[in-house]
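Peer 1: heads up, no residue letters with this:
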């Protein structure tokens, strides 16, 4: 199964799914599936990649284990991020009133497949 | 009920609870309850306050509503943060193998009480 198929399986199977994106810390997308185009996803992913780099740095300073998952909820969106490797992570963007628990569960479930497909 | 009592109700009632802290964005604690002292909480909270300021700035640029909740999971810790006001937020620090769902639920539940007590 391709990366895009796996990303689609996440976005298409959760109520409120907007996009699933595999990214590098420099903000460049490796692959993505976008179900709704009414958000500026490019700006969002670049900003979140920069944040994630800051979080990774802080976690390293604190020596509390490797960063695994970050989620940020705002008035409109829920963004769940999982680290795939030293270089890559996967981002699930959802509407805040979507099924957040299912989205988070699917992302965690598919992380193994995504990591295998990236090898 | 005092702020400290409410913070205790969160930390003491969740398996894996380490600390609950009300903080300002400059990293200064307003009140805190610490159940375990084997982590450098001062460094942790200062780093997380700085991160939260970065996240707040990014969310404002993205115009996706106000920041409400941030959670960061590492190999050892789960940290759940909820915004209380323009100036303050509350942080729950837990062991990663604790009851994360209950911790998150209790923090959300007690946010109203904390906000009332801060008025």
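Peer 2: Yes, it's here. Not measured: the values here are computed from a predicted model.

Peer 1: Do any residues in the lowest-mean-pLDDT helix or strand in chain A lie close to chain B?
Peer 2: When each helix and strand of chain A is scored by mean pLDDT, DSSP states H and E, helix A:41-62 comes last, with a mean of 91. Yes - interface with chain B: helix A:41-62 contributes A:43-44, A:47-48, A:50-51, A:54-55, A:58-59, A:61-62 (C-beta under 8 Å from any C-beta of the partner chain). C-betas here are computed from N, CA, C, even on glycine.

Peer 1: cool, stretch A:97-116 as well?
Peer 2: No - interface with chain B: stretch A:97-116 contributes nothing (C-beta under 8 Å from any C-beta), its closest point being 9.0 Å away.

Peer 1: Please enumerate residues in contact with that stretch?
Peer 2: Residues from elsewhere that reach stretch A:97-116, judged by C-beta atoms under 8 Å, 6 or more residues apart in numbering or on different chains: A:1, A:3, A:6-7, A:9-10, A:13-17, A:20, A:22, A:69, A:71, A:73, A:78, A:80, A:82, A:84-85, A:90, A:92, A:94.

Peer 1: Got a quick PyMOL command for the buried subset of these?
Peer 2: In PyMOL, a selection of the buried entries from the contacts of stretch A:97-116 looks like this (16 or more other C-beta atoms under 10 Å in any protein chain shown):
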select buried, chain A and resi 3+6+7+9+10+14+16+17+20+22+69+71+73+78+80+82+84+90+92+94
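
Peer 1: show me which of the contacts of stretch A:97-116 neighbour chain B.
Peer 2: A:69, A:71, A:73.

Peer 1: Is the nearest residue to the last one once chain neighbours are set aside bridged to anything, and to what?
Peer 2: Spatial nearest neighbour of residue A:73, chain neighbours left out: residue B:69 (4.2 Å); criterion: C-beta to C-beta, 6 or more residues apart in numbering or on different chains. Each beta-bridge partner of residue B:69 is listed here: residue A:73, residue B:82, as defined by DSSP bridges.

Peer 1: For chain A, which residue occupies the most central location?
Peer 2: residue A:91 (0.9 Å; C-alpha atoms, centre = their mean).

Peer 1: Direction included, what does the helix or strand hosting it pair against?
Peer 2: Here residue A:91, judged by DSSP states H and E, is contained in strand A:88-95. Here strand A:88-95 has these sheet partners by DSSP bridges: strand A:17-24 (antiparallel), strand A:77-83 (antiparallel).

Peer 1: coming back round to it: list the buried residues in the least confident helix or strand of chain A.
Peer 2: Quick answer for helix A:41-62 (16+ other C-beta under 10 Å): A:41, A:44-49, A:51-52, A:55-56, A:58-59, A:62.

Peer 1: What is that helix packed up against?
Peer 2: strand A:17-24, strand A:29-34, strand A:67-74, strand A:77-83, strand A:88-95, helix B:41-62, strand B:67-74 (3 or more C-beta pairs under 8 Å, 6 or more residues apart in numbering or on different chains; DSSP states H and E).

Peer 1: For it, what is the distance to the chain centroid?
Peer 2: Averaging C-alpha positions (C-alpha atoms, centre = their mean, to the nearest Å) puts helix A:41-62 12 Å from its chain's average.

Peer 1: Residues touching it, excluding its own?
Peer 2: Contacts of helix A:41-62 (C-beta under 8 Å, 6+ apart): A:18-19, A:21, A:23-27, A:29, A:32, A:34, A:65-67, A:70, A:72, A:79, A:81, A:89, A:91, A:93, B:40, B:43-44, B:47-48, B:50-51, B:54-55, B:58, B:61-62, B:64, B:72, B:74.
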